[in-house]
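Novice: coords below, sequence missing:
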């Protein structure tokens, strides 16, 4: 089940959902409208699953940054979200898609216990200017059924993400 806007507000008040910083005006009928953070990484070399990814880290200036098609950018959410009770699902939204920006298409699930600023995979189909802290998508909260363990207690490689996290697949392939 997806939480409705009023249920998200109640869960935040009860401490079952954490969104930092939180703005109640960003709660929509079934989601929370999250924003793009201030930092972006440009993956500007060929990628190899067996090696750490080389990148250039950039601060998105207040007057915006032009993203170019055919490049992989990794961004981060402005908000940090957490919940020991609900799973989370993050994605871009229709408004962003209408600008030709595809965001976070491969890893939208935040397990129960996930407490992070989300790393975002960003690609564009046209040249597009983005801005720090612009609305960039929606996050929904899902009620789970059955017993669950907290993601933070299971020792997964991305559990302590606090910013942009590069692929660590190479750790498994060595």
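Specialist: Noted; the coordinates are in hand. Note that the structure is predicted; figures quoted are calculated from it, not measured.

Novice: the spatially most central residue of the chain and residue 90: what is the separation?
Specialist: What sits nearest the mean C-alpha location of the chain, by CA atoms, centre = their mean, is residue 118, with 3.2 Å. Distance check for residue 118 against residue 90: by CB to CB, to the nearest Å, it reads 6 Å. C-beta here means a position set from N, CA and C on the backbone, and glycine is covered the same way.

Novice: what touches both of the two?
Specialist: In the contact map built from CB atoms under 8 Å, 6 or more residues apart in numbering, the residues linked to both residue 118 and residue 90 are 34, 77, 104, 110.

Novice: who wins for neighbours among the residues you listed?
Specialist: By neighbour count, taken as other CB atoms under 10 Å, the most surrounded of the shared contacts of residue 118 and residue 90 turns out to be residue 34 (24 neighbours).

Novice: which SS class is it?
Specialist: For residue 34, the secondary-structure state derived from DSSP: H, G, I helix; E, B strand; the rest coil is strand.

Novice: need the contact list for it.
Specialist: 26, 77-79, 81, 90, 118, 135-139.

Novice: put together CSV for those, with secondary structure on each row.
Specialist: Shown next, in CSV, are these (three-state DSSP):
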residue, secondary structure
26, helix
77, strand
78, strand
79, strand
81, strand
90, strand
118, strand
135, strand
136, strand
137, strand
138, strand
139, strand
